[in-house]
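*Asks:* the following block contains a protein sequence and its predicted model.
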Amino acid sequence: MVGGGLAGLAGTIRIAEAGLSVDLFSMVPVKRSHSVCAQGGINAANDIARQQGYSEYEHFDETIYGGDFLQHQPPVYEMVHWAPKIIDLLDRMGVPFNRTAESQRDLRLFGGSLYKRTHFAGATTGQQLLYALDEQVRRWEAQGKVNKYEYWEFLWPVLETDDTGRRCVGIVAQDVRTMQIRAFRAEAVVIATGGCGMIFGKSTNSVMCTGAAASRCYQAGAWYANGEFIQVHPTAIPGADKLRLMSESARGEGGRVWVPRTKADRRDPRDIPENQRFYFLEEKYPKYGNIVPRDIATREIFDICVNQGLGVGGGNMVYLDLTHLGREYLELKLGGIIEIYRKFVGEDPALVPMKIFPGVHYSMGGLWTQYTAKDDLRGMAMGAANSMMTNIPGLYAFGEVNYQYHGANRLGANALLSCIFDGLFCGAGVANYVLEVVTTTSARLDQSIYDAAARQQQEIIDRLINARGTESPYQIGRELGEEMTAASTVVKSEQRLLQAIEVLQLLQGRYQSIGLSDTGMWTNQNLSYARALGDMLKLAEVILQGGIDRKESRGAHYRTDFPDRDDANFLKTTVAKYDRDTDRPDIFLEPVETGLVPPRARTYGKVAASTDTTRPTETVSV
Amino acid sequence: MASTIAGFLDRHYFLLRRLHSLTGVVPIGVYLFPHLATNSSIVWGKLLNESKLPAGQLESLGIAAHAGVETFQHEVNFIHSLPGLVLIEIGLLWLPIAYHGLLGIYFAGTGRSNVDRYRYQDNWRYTLQRITGYIGVLFIFIHITSLRFGWTYWGLMPAFDPHAAASSTAQHFQRSTLGTTFIAAFYLVCVLALVYHFANGLWTAAITWGLTVSVHAQRRWGYVCGAVGLMLAGATVASVIGFSRLDIDAARQIEQVMRNGGAGAARHVEPGASNVLSASPDGRDR
Amino acid sequence: MVPPTTEALQARSVRFRIKRQDGPGRPWRWESFDVPVEPGANVISCLQWIAANPRTVDGRDSSPVAYDAGCLEEVCGACTMLINGQVRQSCSCLIDQYAPKDGDVMRLEPMSKFPVVRDLMVDRQRLFHALTRTKAWVPIDGTYHLGPGPQDTPQRQQVRYKLSECMSCGCCLEACPQYKLEEHESRWDKAFIGAHAISQARLFNEHGTGNVLASDRLDAMIGPGGVSDCGNAQNCVKVCPKDIPLTESIAAIGRAVTIHSIRKFFTGK
């Protein structure tokens, strides 16, 4: 198991429970994985929503609609039906979900839904979920069924080819403290390494979310799908080192987004009277208001600031106002994020509207994975050995690092769900693969395969250490981030993306002549970063190329030159294969399984929605 | 040997720790009350009581009546009349003190103060608890050996005579080769250290045993412990001042009168008759 | 997207004195770097700048400073270090608050209660070991669906939530005068376990199912290095970045072990 976030830990637990022993690799102590940053909550149909007409099916439909119909539907169907059970399980593990006066689990409203169906623990739900799973893994570790390798970085999958074909039989990893490189044997390898926000420089992601592990698998032959779908979260706090997430729950709990109606209004926001405030989301989307899905909110905020110049003080910022909610309510429901704003900005959101702007947040795309659908497409076959297996047998991808469930745009509070679901549901598939499919155990394979794999990695590392170039990896990384953010986030165009590809090729050229300021072989973070940077550059190209090839607008992918969705040509997955000869991604399109919910226009009841009015119930006129 | 001791400590670690906590409160801490009450009677006895000695007798000796000297002598007499005094002393005082002191030194050695980096009030409190503990062990040793066993430390500390309680104590303070101020300061510092150690120990013991869990409870109990500490500190200051300034010769003559028949007069002062503080005297030396 | 800049950037620089050590058992040294800071900068952004420009104030080429970091939002606990002598997360340490003037000096050191791996990075494995020692988990029957967990009142949930926010950063241990550096794993089980683990014992004893292991947890708390080793300096609660009521947890576990030991004395279990 590579990665110790929610997906990795949930998978570890399920596989250990099946009686197999698990080696768990993580670059950081698993309790510090990026899942801690998830704030708002986790979605699941529940009894209260059910009595208002909600059900797993509605949750399914919302997820598909929110994802602009780009996801395969059977896995989503399965996931949402597991959601209530997953909540129960987490509850049993001791997750302190907020409670109502009657001791029931409390619910909140979240983006893309008109029903309260998000379970939460304060405003640090991801942290609480991760801790619960971490505790269970520790329990397995104490029983000797799980071996943790913390501060070990995944470098490459070990592949073996025999007459039945190629399969993954282990990994090469490096201890980032001792810098020791070692090959490990395994019957199956699960990659659960999360997203790739660092490619965009500043994002809401943690510093280890470089996407390097996914990129390495891609370069080793695994396919990477829908890379161009990067979620830009509408509300983040800009910072010098990163963008800090301001949870969607702030809006779910009643937060309102607005800007002054007059350009560059310099007044204190508290002095601006109600009729001079432009609540643009509420006005444009009377039905969903502030809780429209993220891609829409992001584009609206971007439009207000960049195109209309209505941003706060003329800059790139809008107000997210919680001041009307009362301090006690805020502390109870949103304590964690209020605290973050207070600590990092130095202002109290209970008194002053927060200033926020969109920031890169989540990768809907990821390693291409398989599943086995049930005959009627309603769900996945339980225990199927190919559940979330990549195109390389024995190599799986769980959680954010795969491309399933979220399509073109992820709904808030569905990520925690998909990660844990992958671990629990597909973990069983991994166990079945190991117990039933694998015929030759890795222990019987020749050591030379592993030695060769480790040697190959050692050579890459040695090349970097001995490089005497003048380019700084940090400088290249910064330029990469700036270019990717400028070209491939909220609005894209063919011309801009092609320009970015050119910049990328220049950066790749400069990467060939980097030099490290630290050439030691002990906890050399300079080296680790430089190594990851090379892989980030490769993955960046996949993201850009996918964006160029997808000549339509869908979900988080918005092309100014193709502003409409094009189901005829692009209701398809973009799959990137690494071409070793050209060192470039080779992209093909693959059909999407949409057998349950036929695609329909996605308007979220936008007022006077010009192009998409096929679903009249959602077009509200004022 | 060392491993045997370590093994014993490990097996009974909790019991030993809790006994350490308990002995600090009972009997050692509680003992401070009668002890300091008795000692300070040199002041409050004078203020509250009236002399029971025949006035004429004192007049003929040319000295003023001093009810404090009488009260103190009476208290001491009472203590020394207790049956099996030495057993009480060993069982309720010396052994618990030795246990609390020795283990305390060991436990204090397991911590390292960091008030230089974290200047919180509570951190000072913690650090002072260790410092006052060390002072206390040293002081109690000197105190018991000098006043109970008559070690004079080369004339530094004149011995105590239970038959001339007030005067010999005053001598202990005033006739030291180092001077009254030094001994008075020495006692003041050491006893106040012990009073602090007790008051703070009483506060932390409530946490250790789980009596005060919430921050509020801890704060309120803190007020109580603070008040107890201040009361004991008051008695300490009174005792030290009282003995440092006592007219030794006059006291000696009063005691003489009490011993010769006047002793009968002193019997009038029944314990508890005129004040509450002497109601449970099991004080010992001085 | 362009990061918004409402105020004009003021060019000013802050001097970082960093305690560096190349590896375990190697000698340590101070190195100083002058770092230009922009409004909103924090210690991490300055360390990032140093990584890209590792040149000391006396013009010597040095190497990037090794440090631990993760979320940069003060929820993962990774970037804990000593800043101007006191322990805290470096991500939430804003330069404007610590060094408001041009040329101000900030001192960075690794935590002193854990073995240094390199520079500002320490090995906090013992901290996680303490969670195993405390059996800080709920012993569920397995991951199959068995219905909801025990019901919980909002009041109890609030108490548990607060305790559950502990991110194992180690601030409470660093500031504790009773917690000492133990290099060797063999000593971990007898050395003071620290406030965080005591609080976790309370957290799981408070849970309906977690309570099944209460007796095991209290046994761990009774032994050497358990709750008795607390000296009540109460630094832990003051440095805790999550305001976890650690001293209340210590008292609550004190109460629990009191009752537990009395029961054990009379019932033998």
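*Replies:* On my side now, so go ahead.

*Asks:* in a helix, that's where residue C:148 is, yeah?
*Replies:* No. The assignment for residue C:148 (DSSP: H, G, I helix; E, B strand; the rest coil) gives coil, which keeps it out of a helix.

*Asks:* and it, what does it touch?
*Replies:* Contact analysis of residue C:148 by C-beta atoms under 8 Å, 6 or more residues apart in numbering or on different chains lists A:87, A:88, A:91, A:92, A:105. (C-beta placed from N, C-alpha, C; glycine too.)

*Asks:* would you agree residue A:198 falls within a helix?
*Replies:* Yes. Counting by three-state DSSP, residue A:198 is part of a helix.

*Asks:* how much space between the closest residue to it other than its chain neighbours and residue A:481?
*Replies:* Nearest residue to residue A:198, sequence neighbours excluded (C-beta to C-beta, 6 or more residues apart in numbering or on different chains): residue A:210, at 4.4 Å. Distance of residue A:210 to residue A:481, given as C-beta to C-beta, to the nearest Å: 11 Å.

*Asks:* does the closest residue to chain B within the stretch 101-250 of chain C belong to a helix, a strand or coil?
*Replies:* As assessed by C-beta to the nearest C-beta, chain B sits closest to residue C:233 within the stretch 101-250 of chain C, at 3.4 Å. Here residue C:233 is recorded as coil under three-state DSSP.

*Asks:* and residue 68, how many neighbours does it have?
*Replies:* With no chain named, the answer covers chain A. Applying other C-beta atoms under 10 Å in any protein chain shown, we find 27 residues neighbouring residue A:68.

*Asks:* meant chain C actually
*Replies:* Neighbours around residue C:68, by other C-beta under 10 Å: 26.

*Asks:* give the contact list for it.
*Replies:* Counted by C-beta under 8 Å, 6+ apart, residue C:68 has contacts A:28, C:78, C:79, C:80, C:120, C:121, C:122.

*Asks:* please pull out the lowest mean pLDDT helix or strand from chain A.
*Replies:* helix A:327-345 (a mean of 91; mean pLDDT, DSSP states H and E).

*Asks:* pLDDT on the helix or strand that that one is followed by, on average?
*Replies:* The helix or strand immediately downstream of helix A:327-345 is strand A:354-363, counting by DSSP states H and E. Per-residue pLDDT over strand A:354-363 has a mean of 96.

*Asks:* which other helices and strands does the next helix or strand after strand A:354-363 contact?
*Replies:* Toward the C-terminus, strand A:354-363 is succeeded by strand A:366-367 as the next helix or strand (DSSP H and E). Strand A:366-367 sits against helix A:212-219, strand A:224-225, with contacts defined as 3 or more C-beta pairs under 8 Å, 6 or more residues apart in numbering or on different chains; DSSP states H and E.

*Asks:* of the ones you listed, which is nearest chain C?
*Replies:* helix A:212-219 (15.6 Å).

*Asks:* please identify the buried residues of the closest one?
*Replies:* Judged by neighbour count using 16 or more other C-beta atoms under 10 Å in any protein chain shown, the buried positions of helix A:212-219 are A:212, A:213, A:214, A:215, A:216, A:217, A:218, A:219.

*Asks:* between the residues you listed, which sits nearest residue A:297?
*Replies:* Of all the buried residues of helix A:212-219, residue A:297 sits closest to residue A:214, with 26.9 Å by C-beta to C-beta.

*Asks:* give the contact list for the closest one.
*Replies:* Residue A:214 neighbours (C-beta under 8 Å, 6+ apart): A:191, A:193, A:196, A:224, A:366, A:367, A:397, A:401, A:539.

*Asks:* can you put those in JSON lines and add pLDDT and neighbour count?
*Replies:* Formatted as JSON lines, these follow (pLDDT from 0 to 100; neighbours: other C-beta atoms under 10 Å in any protein chain shown):
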{"residue": "A:191", "pLDDT": "98", "neighbour count": "32"}
{"residue": "A:193", "pLDDT": "98", "neighbour count": "36"}
{"residue": "A:196", "pLDDT": "98", "neighbour count": "32"}
{"residue": "A:224", "pLDDT": "98", "neighbour count": "32"}
{"residue": "A:366", "pLDDT": "98", "neighbour count": "29"}
{"residue": "A:367", "pLDDT": "98", "neighbour count": "28"}
{"residue": "A:397", "pLDDT": "98", "neighbour count": "32"}
{"residue": "A:401", "pLDDT": "98", "neighbour count": "34"}
{"residue": "A:539", "pLDDT": "98", "neighbour count": "25"}
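
*Asks:* which single one of the residues you listed is nearest to chain B?
*Replies:* residue A:193 (38.4 Å).

*Asks:* low-scoring stretches of the stretch 501-622 of chain A, by residue?
*Replies:* Low-confidence segments of the stretch 501-622 of chain A, defined by pLDDT under 70: A:608-622.

*Asks:* need phi/psi at residue A:578.
*Replies:* phi -80, psi 130 (degrees, to the nearest 10).

*Asks:* spell out which helix or strand contains residue B:15, please.
*Replies:* Per DSSP H and E, residue B:15 falls inside helix B:13-23.

*Asks:* before we move on, the earlier item: and residue A:210 and residue A:481? Which one has more around it.
*Replies:* More crowded of residue A:210 and residue A:481, by other C-beta under 10 Å: residue A:210, with 27 against 20.

*Asks:* how close does the more buried one sit to chain C?
*Replies:* Using C-beta to the nearest C-beta, to the nearest Å, residue A:210 is found at 13 Å from chain C.

*Asks:* same thing with residue A:190?
*Replies:* 16 Å.

*Asks:* helix, strand, or coil at the closest residue to that residue other than its chain neighbours?
*Replies:* Leaving aside its sequence neighbours, residue A:190 sits nearest to residue A:396 (C-beta to C-beta, 6+ apart; 4.3 Å). Using three-state DSSP, the structure places residue A:396 in strand.
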